[in-house]
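*Asks:* just the structure for this:
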Amino acid sequence: MAAPVSQGAGTSSAREGLLDLRTRIGKSVLGQDHLVESMLIGLLANGNLLIESLPGLAKTRAVKTLAKHLAADLSRVQFTPDLLPSDVTGAEIYVQTDKGGQFEFQKGPIFANLLLADEINRAPAKVQSALLEAMEERQVTVAGKTYKMPDLFMVLATENPIEQEGTYSLPEAQLDRFLMHVVITYPDEAVEGEIIKLNRAENAQKPKDRAAELPPIPQQAILDARGEIDGIFVSDLAQKYVVDVIYATRFPDRYGDPLAKWIQVGASPRGSLALDRCARARAWLDEYEFVTPDHVRAVVHDCLRHRLILSYEAVSQGVTPDQVIDKITELVAAA
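*Replies:* Residues are numbered from 1 along each chain as shown. A predicted model of the protein is given here:
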């Protein structure tokens with residue numbers, strides 16, 4: 001990758017705030033650098049994240065730490081089969097006032113800056129769909145009235161891939177609303193030891209030590225950074241590379257076997273928009289003023305793995321979406 005290009009003195013404060021936020025989270029969430037980076041990219045690109053991992057890999061801890069250091073309101077909803085849409089969005093309730101009885105809207109947990117939708121696939125489709133309008137249009141409609149979401153709003157939904165009993169798979173239309181699908185794995189041996197040490201230190205920490213923690217990063221830092229990311233230059237060649245990658249998922253026969261046999265349905269235009277937004281956010285974090293193919297490749301798996309429907313032949317052979325994306329990036333040339 002080429003050497004980074006300076007953004008100029010006038011745009012340093014937002015980046016300094018984001019880099020400080022990344023450092024703070026990294027000190028508390030060990031061995032999950034990719035998850036931390038993905039959360040920041042999701043914030044910068046104004047999107048939503050689907051986080052998949054085995055239990056106990058710090059998904060919830062990472063989200064809570066992000067909210068703690070960002071000066072953001074956090075709501076957590078544990079999705080269960082008996083959950084109702086109104087448990088998420090809120091509902092109108094009848095209250096008695098001096099002027100008589102009237103209905104008032106009581107906001108649900110979705111009206112926060114960060115919504116942790118824990119084990120989202122445990123709730124039925126009606127509850128899952130309650131998130132769609134908020135995720136896509138940044139508003140919620142209840143009883144014919146529309147309520148706007150905060151300027152800083154992100155849904156972070158989690159899934160456990162090994163438990164399928166009592167779960168409801170997310171439909172493709174909802175999966176497409178997630179900017180990225182992040183898959184995280186076990187930390188290595190060295191990090192595992194550091195996690196044990198960190199847990200011991202936190203258990204021994206005194207209340208006065210907790211009171212001395214750094215003040216949170218203001219939300220305005222995120223909003224300012226988004227404005228700077230809008231100014232990241234995307235050349236015609238970089239944009240063509242994004243389009244070529246997306247079209248390789250739609251017309252895999254152009255690249256012959258095995259790609260032609262693996263993909264049944266490719267990515268929608270949301271896929272190309274996600275690649276563009278996330279690549280610009282990645283470039284901004286790397287202190288570039290322009291997007292390179294390396295920035296696109298850095299985010300392509302998270303942006304596309306949930307947007308591909310594989311053929312029966314691919315599934316029967318154990319081919320994964322990540323393997324398909326690897327083959328696409330191998331075959332699609334970057335000018």
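*Asks:* from now on I want contacts and neighbour counts done on CA atoms only, so please keep to that.
*Replies:* Noted.
*Asks:* give the partner strands of the helix or strand containing L50 in its sheet and their orientations.
*Replies:* Element membership for L50 (DSSP states H and E) is strand 49-52. Sheet pairing of strand 49-52 (DSSP bridges) gives strand 154-159 (parallel), strand 180-183 (parallel).
*Asks:* what would those look like in JSON lines with distance to Q128, mean pLDDT and mean neighbour count?
*Replies:* Converted to JSON lines, those look like this (distance: least, Cα to Cα, whole Å; pLDDT from 0 to 100; neighbours: other Cα atoms under 10 Å):
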{"stretch": "strand 154-159", "distance to Q128": "10", "mean pLDDT": "94", "mean neighbour count": "24"}
{"stretch": "strand 180-183", "distance to Q128": "16", "mean pLDDT": "96", "mean neighbour count": "23"}
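*Asks:* circling back to that earlier point, now what about the strand holding L50, what contacts it?
*Replies:* The contact list for strand 49-52 (Cα atoms under 8 Å, 6 or more residues apart in numbering) reads 39, 42, 59, 154-161, 178-184.
*Asks:* make it 7 Å
*Replies:* 42, 155-161, 178-184 (Cα atoms under 7 Å, 6 or more residues apart in numbering).
*Asks:* hmm, which two among those are most spread apart?
*Replies:* G42 and P161 (21.6 Å; Cα to Cα).
*Asks:* mind putting the strands paired with strand 49-52 into a markdown table with distance to R22?
*Replies:* Below are the strands paired with strand 49-52 laid out as a markdown table (distance: least, Cα to Cα, whole Å):
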| stretch | distance to R22 |
| --- | --- |
| strand 154-159 | 17 |
| strand 180-183 | 17 |
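*Asks:* ends of stretch 159-178, how far apart?
*Replies:* Stretch 159-178 has its terminal residues 13 Å apart, counting by Cα to Cα, to the nearest Å.
*Asks:* could you find the closest non-adjacent residue to S129?
*Replies:* Q174 (7.3 Å; Cα to Cα, 6 or more residues apart in numbering).
*Asks:* what about the protein, any weak spots by pLDDT?
*Replies:* Applying pLDDT under 70 to the chain flags the ranges 1-12, 166, 207-212, 335.
*Asks:* now the strand or helix carrying A283: buried residues?
*Replies:* Using DSSP H and E, A283 falls within helix 269-285. In terms of neighbour count (16 or more other Cα atoms under 10 Å), helix 269-285 has its buried residues at 270-272, 274-285.
*Asks:* number of nearby residues for the residue nearest to S129?
*Replies:* Q174 has 15 neighbours, counted by other Cα atoms under 10 Å.
*Asks:* is it true that it lies in a strand?
*Replies:* No. According to DSSP: H, G, I helix; E, B strand; the rest coil, the state of Q174 is helix, so it is not within a strand.
*Asks:* gap between it and L223?
*Replies:* 26 Å.
*Asks:* any idea how far I162 is from N121?
*Replies:* Going from I162 to N121 by Cα to Cα gives 12 Å.
*Asks:* with neighbour numbers in mind, choose between those two.
*Replies:* Set I162 next to N121 and count neighbours by other Cα under 10 Å: N121 wins out with 24 against 9.
*Asks:* wait, a strand at the more buried one?
*Replies:* No. Using three-state DSSP, the assignment for N121 is helix, not a strand.
*Asks:* check contacts around it.
*Replies:* N121 neighbours (Cα under 7 Å, 6+ apart): 159, 167-170.
*Asks:* which SS class is Q323?
*Replies:* Relying on three-state DSSP, one would call Q323 helix.
*Asks:* and F105, by the same measure?
*Replies:* Going by three-state DSSP: F105 is strand.
*Asks:* just checking, what packs against the helix holding A283?
*Replies:* Contact analysis of helix 269-285 by 3 or more Cα pairs under 7 Å, 6 or more residues apart in numbering; DSSP states H and E lists helix 33-44, helix 219-230, helix 236-250, helix 293-304 as its packing neighbours.
*Asks:* so which of those gets nearest I196?
*Replies:* Among those, helix 33-44 comes nearest to I196, with 17.4 Å by Cα to Cα.
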